[in-house]
Structure formats: structure tokens, C-alpha cells
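J.: Have a look at this fold, sequence not included:
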């Protein structure tokens, strides 16, 4: 049986494990402020309609999957007044009502794009 403690056992062999690397002080300060240090926003934060127009042609099955996915996203955005958006780098942001309404509008555009014949 394995036991994990802060101190090694007195009479047995042991291995010291190191945790994951800590983010730099500047990265922690930027993430606590909610900005990303003047860098461009993550791809998910950019309007997805523009990316949908640049996307390669999808097969009918892929298009149907995207349609269903976007319809589910729209339903979720419309039914929840407080929306948390998780970025690819792992940080989470609560959307304001204006941002939520903008996401709803963008998602409606994607539903129209993927669900039209």
C-alpha cells in the first residue's frame, strides 16, 4: 500500500516527488487581473463566425454534428444567465450580460451557417 506524507519514512527507502512547475510571478499577476499581458486573446475568445467562414468544407455528417453542437450551445447560453467560459489555457472567465448576448448572437449565426441546407 502506498502512503503519501510530508515527511519520509524513518526506516524505509523512499522517493521524493516534485510538483508541477509554478507559474512565474508575472503570469500569476496577469491571470489574477483577468488579462493576458497584452497578448492577443485566445482563439476561443475571437469571433467564431469568422473562423467558420474560413473553415474547410465539411462532410454532411460533420456539418450535422456541428449543427447539433451549436444548437446545444445556444440552448445553454439562453437558459443560463451566468455563463463561465473556459479558455484553452485553462483560465475561466464569467461573461457579462453584454458578452453573453454577443455569444448568443454569434452562436445563432453559426447555427444558421451549419444547419442550413
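T.: Sure thing, it's come through. What you see is a predicted model, and the numbers here were worked out from it, not measured in a lab.
J.: number of nearby residues for residue 64?
T.: Per other CB atoms under 10 Å, the neighbour tally for residue 64 reads 13. Backbone N, C-alpha and C define where each C-beta goes, glycine included.
J.: do the same with residue 70
T.: Applying other CB under 10 Å, I find that residue 70 has 22 neighbouring residues.
J.: how about the strand or helix carrying residue 68: buried residues?
T.: Using DSSP states H and E, the element containing residue 68 is helix 60-79. Buried residues in helix 60-79, defined by neighbour count with 16 or more other CB atoms under 10 Å: 63, 66-67, 70, 73-74, 77.
J.: packing partners for it?
T.: helix 97-115 (3 or more CB pairs under 8 Å, 6 or more residues apart in numbering; DSSP states H and E).
J.: On the three-state scheme, residue 57 is what?
T.: Here residue 57 is coil, with the state taken from DSSP: H, G, I helix; E, B strand; the rest coil.
J.: hey, which helix or strand in this protein has the poorest pLDDT?
T.: The helix or strand of the chain with the lowest confidence, counting by mean pLDDT, DSSP states H and E, is helix 48-54 at a mean of 50.
J.: For the chain, give me the ranges with low pLDDT.
T.: Residue ranges of the chain with pLDDT under 70: 1-9, 12, 14-20, 22-56, 117.
J.: quick one on the thing from earlier: tell me the one of the buried residues of helix 60-79 nearest residue 13?
T.: residue 73 (52.1 Å; CB to CB).
J.: Is it correct that the closest one is in contact with residue 107?
T.: Yes: using CB atoms under 8 Å, residue 73 is in contact with residue 107, at 5.3 Å.
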